[in-house]
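> coords below, sequence missing:
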């Protein structure tokens, strides 16, 4: 599942939780939302462990730049 679809699912879950009047439905979508966030965290950690996600170097200001 791509990152954009995870974000979209998260928004859908939030909307459904906010508009539902039944507590059991709210809890069900809350569980879906938690599972989706946990899976996203696992994918992020896997990407970092495998070296597939490389952070760019931090920008450092030098006295010469000014």
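Cool, got the structure. Here the structure is a predicted model, which is why all the values come from computation and not from measurement.
> how about the helices of this structure, start to end?
3-19, 23-50 (DSSP state H).
> and those as CSV, adding mean pLDDT, distance to residue 62 and mean neighbour count?
All C-beta atoms are positioned from the backbone trio N, CA, C, and that covers glycine. CSV is the format used below for the helices of the chain (pLDDT from 0 to 100; distance: least, CB to CB, whole Å; neighbours: other CB atoms under 10 Å):
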stretch, mean pLDDT, distance to residue 62, mean neighbour count
helix 3-19, 71, 34, 13
helix 23-50, 87, 29, 12
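> do you know which of those lies nearest residue 59?
helix 23-50 (21.0 Å; CB to CB).
> helices or strands next to that closest one in the packing?
helix 3-19 (3 or more CB pairs under 8 Å, 6 or more residues apart in numbering; DSSP states H and E).
> Contact partners for residue 17?
26, 29, 30, 33 (CB atoms under 8 Å, 6 or more residues apart in numbering).
> same deal with residue 47?
residue 53.
> repeat for residue 13
Per CB under 8 Å, 6+ apart, neighbours of residue 13: 29, 30, 32, 33, 36.
> if I look at the second one, how far off is residue 39?
In this structure, residue 30 and residue 39 are 15 Å apart, going by CB to CB, to the nearest Å.
> CSV for the contacts of residue 17, including distance to residue 20?
Conversion of those to CSV gives the following (distance: CB to CB, whole Å):
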residue, distance to residue 20
26, 5
29, 7
30, 10
33, 13
